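Colleague: Predicted model, plus sequence, below.
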Amino acid sequence: MKAIQPSRSADVTSTRATAELDEITLERARRGNRDAFRQLVERYERPVFSVLGRMLYACGKESLVDDLAQETFVRVFRALGSFGADGRHRLSSWILTIATRLAIDELRKPQHTEPFSARHDLASDVRADRDSERRGVASAIERAVAALSPEHRATFLLREVHDFEYDEIAEALKVDLGTVKSRLSRARTALRAALKGIHDEVE
């Protein structure tokens, strides 16, 4: 059965963890039930678009978000029967691991990418009624995240945006816990520096 196309309207700025799919629907999806798999896609498309958007937008590859979201769910459908065989039981972590690895693979490809600019700035999604200082903070954070390597960016996003545990990040990115902690430390340092820069400008 062909995977169901995720909605283009999914909000790429969605953040915190989505409630997991219930076991009955998951089991039906495992057996190839199309309606159940559609429910799975609807449940997890927002976090998938979120992690792909944040990984790719700042590098000028926003046009690939839809394609990689579709590929994520194609791979989910093909491998759903084996989910849990490795001891993992949080479906959202498994799905976001697939999406994150696809994004990292894409960012590792040797090709020209546009520098970060206001056109790629996710802070443009901030509501118009927010004041300029808050927009400046959001923009500074996005620039700091965009400046990280794909691996560091993925580590930060999985932890701070998608609530992955350290061991889940290590499994997703195939690194040890020490590497996860080191990458998080570097990312947080970059963000603190970015926020300090904004504070200094205000003063």
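Modeller: Nice, thanks for sending it over. Note that the structure is a prediction, hence the values are computed from the model and not measured. Numbers count the residues shown, from 1 in each chain.
Colleague: For stretch 84-94, what is the distance to the chain centroid?
Modeller: Between the mean C-alpha location of stretch 84-94 and the chain-wide mean there is a distance of 17 Å, by Cα atoms, centre = their mean, to the nearest Å.
Colleague: Which of the helices or strands spans the residue nearest in space to the middle of the chain?
Modeller: Centrality entry for the chain: nearest residue to the mean C-alpha point is Val51, 1.3 Å, by Cα atoms, centre = their mean. Element membership for Val51 (DSSP states H and E) is helix 34-56.
Colleague: Surely Ala187 is in contact with Ala154?
Modeller: No. Between Ala187 and Ala154 there is no contact under Cβ atoms under 8 Å: 9.9 Å. The way it works is simple: take the backbone N, C-alpha and C, and place the C-beta from them, glycine included.
Colleague: Settle it for me: which of those two has more neighbours?
Modeller: More crowded of Ala187 and Ala154, by other Cβ atoms under 10 Å: Ala154, with 28 against 23.
Colleague: Identify the residues contacting that one.
Modeller: Val51, Met55, Thr100, Ala103, Ile104, Ala172, Leu173 (Cβ atoms under 8 Å, 6 or more residues apart in numbering).
Colleague: Buried ones among those?
Modeller: By the neighbour-count criterion of 16 or more other Cβ atoms under 10 Å, the contacts of Ala154 include these buried positions: Val51, Met55, Thr100, Ala103, Ile104, Ala172, Leu173.
Colleague: pLDDT score for the last one?
Modeller: For Leu173, the pLDDT comes out at 93.
Colleague: likewise the fourth one?
Modeller: pLDDT for Ala103: 94.
Colleague: and it, what element?
Modeller: Ala103 is part of helix 91-108 when elements are defined by DSSP H and E.
Colleague: which helices and strands does that helix pack with?
Modeller: Contact analysis of helix 91-108 by 3 or more Cβ pairs under 8 Å, 6 or more residues apart in numbering; DSSP states H and E lists helix 34-56, helix 65-79, helix 150-156, helix 166-173 as its packing neighbours.
Colleague: Ok, which of those helices comes nearest Ala194?
Modeller: Shortest separation from Ala194 across the helices and strands packed on helix 91-108 is recorded for helix 150-156, at 12.5 Å, computed as Cβ to Cβ.
Colleague: From the chain's centroid, how far away is the closest one?
Modeller: Chain-centre distance of helix 150-156: 10 Å, with Cα atoms, centre = their mean.
Colleague: now stretch 19-39
Modeller: Its chain's C-alpha centre lies 22 Å from the corresponding centre of stretch 19-39 when counted by Cα atoms, centre = their mean.
Colleague: got it, and stretch 176-196?
Modeller: Stretch 176-196 sits 17 Å away from the centroid of its parent chain (Cα atoms, centre = their mean).
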